[in-house]
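J.: build me a structure from this.
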Amino acid sequence: MKHFAKVVSCLALLLASVVAVAEAPDAVNGAKTVGLEQAKSLFDDGAVFIDVRDAQSWSLGHIQGSVNLDFNASEFAVLYISKELDRSTPIVFYTSSPLNVSSAMASYFASNWGYSNVYYFREGFYSWMAADFPVELKMAGRSVQVDSVIQ
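T.: Predicted coordinates:
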């Protein structure tokens with residue numbers, strides 16, 4: 001019986017590791033998938049960027065001006081229950097990278113909740129930061145904008 005429990009535990013760990021590295025889909029029904037340059041254009045045009053990572057990840061670094069709504073927390077439901085939000089406002093969902101499916105899921109739910117301008121930025125925060133686009137980072141216990149560090 002101990003041997004069987006070990007095998008089951010190993011299989012569970014293996015399955016968890018496979019799920020952890022699963023890539024996000026390329027497209028989401030009801031949302032438009034955008035690449036890095038398209039996301040930057042939406043940013044420049046004033047679209048709302050929603051980071052669906054957990055609050056700790058967001059606090060360490062995020063796209064400048066983005067809003068944090070953790071997909072895995074109840075706060076994400078504000079998009080569903082709010083009557084004040086304009087459902088035609090362009091919103092861009094993102095996570096850290098294509099290895100996180102939360103932005104795809106968030107995009108799907110938002111489009112099903114009646115949002116008509118939903119954008120899915122699959123590449124995520126790390127590619128945005130690597131392109132040297134505007135970010136806010138927490139460095140040495142204080143928040144700074146990268147532009148101020150460069151100057």
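
J.: can we go C-alpha only for contacts and neighbour counts from here?
T.: OK.

J.: assumed Ser41 was part of a strand.
T.: No - read with DSSP: H, G, I helix; E, B strand; the rest coil, Ser41 is helix and lies in no strand.

J.: can you read off the pLDDT for it?
T.: The model reports Ser41 with a pLDDT of 98.

J.: quick one: it and Ile50, what's the gap?
T.: For Ser41, the distance to Ile50 (Cα to Cα, to the nearest Å) stands at 15 Å.

J.: what segments of this protein are helices?
T.: Listed in chain order, the helices of the chain (DSSP state H) span 2-20, 36-44, 55-60, 78-81, 102-112, 124-130, 146-150.

J.: mind telling me which of the ones you listed the model trusts least?
T.: Note on those: lowest mean pLDDT is at helix 2-20, with a mean of 38.

J.: write down the beta-bridge partners of Thr138, one by one.
T.: Let me fix one detail, which is that residue 138 is Lys and not Thr. When bridges are called by DSSP bridges, Lys138 pairs up with Ser143.

J.: pretty sure it is touching Ser59, no?
T.: Yes - with contact defined as Cα atoms under 8 Å, Lys138 reaches Ser59; the gap is 6.9 Å.
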